[in-house]
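Colleague: With the sequence up front, the predicted model follows.
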Amino acid sequence: MPRGLKYVLLALVLLLIGSVPLAMQFDTGSISGTVIDENGPVANASVEARNIISGVQAQTTSDPSGRYLLGGLRQGRYSMWVRAPRHDSVWVAKVIVLSGQTTTRDVYLKQWDQSLSMTSLR
């Protein structure tokens with residue numbers, strides 16, 4: 001095989017190998033947003049998304065500013081659960097993820113009523 005042809009073939013192989021991660025990048029999207037309650041951001045809220053068709057799940061927690069990001073999600077429809085201590089859980093039924101895009105879903109959690117006291121049943 002001529003020496004010049006080897007370099008051309010090597011360059012083509014490297015180009016193809018390098019384009020695979022780029023192609024995969026555009027096959028995924030993400031969901032981001034902020035978790036808040038009546039007092040502002042909710043830190044350490046659990047945010048879980050589940051692909052409705054495949055059942056594949058992704059999970060993260062919100063940062064001190066209440067922000068979260070679920071990245072690397074395959075294009076499709078997702079449902080989400082958002083939970084935090086001393087808050088009602090929230091289910092978001094339909095979140096669409098498109099390739100190469102970020103879908104924003106801010107979530108409001110209602111705090112439990114702190115004025116209610118626990119009573120024991122005897």
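Modeller: Cool, got the structure. Since the structure is predicted, the reported quantities are computational estimates derived from the model, not experimental observations.

Colleague: and the residue nearest in space to the middle of the chain, what is it in contact with?
Modeller: In the chain, the centroid-proximal residue (C-alpha atoms, centre = their mean) is Leu70; its distance is 1.9 Å. By C-beta atoms under 8 Å, 6 or more residues apart in numbering, the residues touching Leu70 are Ser30, Ile31, Ser32, Val47, Ala49, Ala58, Gln59, Thr60. Yep, even glycine has a C-beta here, placed from its N, CA and C like the rest.

Colleague: Could you tell me which of those residues belong to strands?
Modeller: Ser30, Ile31, Ser32, Val47, Ala49, Ala58, Gln59, Thr60 (DSSP state E).

Colleague: which stretches of the protein form strands?
Modeller: 28-37, 40-41, 46-51, 57-61, 67-74, 76-83, 90-97, 102-104, 107-108.

Colleague: So for stretch 99-119, what gets flagged as buried?
Modeller: Of all the residues in stretch 99-119, those buried under the rule 16 or more other C-beta atoms under 10 Å are Thr103, Arg105, Val107, Leu109.

Colleague: For it, give the mean pLDDT please.
Modeller: Per-residue pLDDT values over stretch 99-119 give a mean of 83.

Colleague: chain center to that stretch, what's the gap?
Modeller: Here the centre of stretch 99-119 is set off from its chain's centre by 16 Å, with C-alpha atoms, centre = their mean, to the nearest Å.
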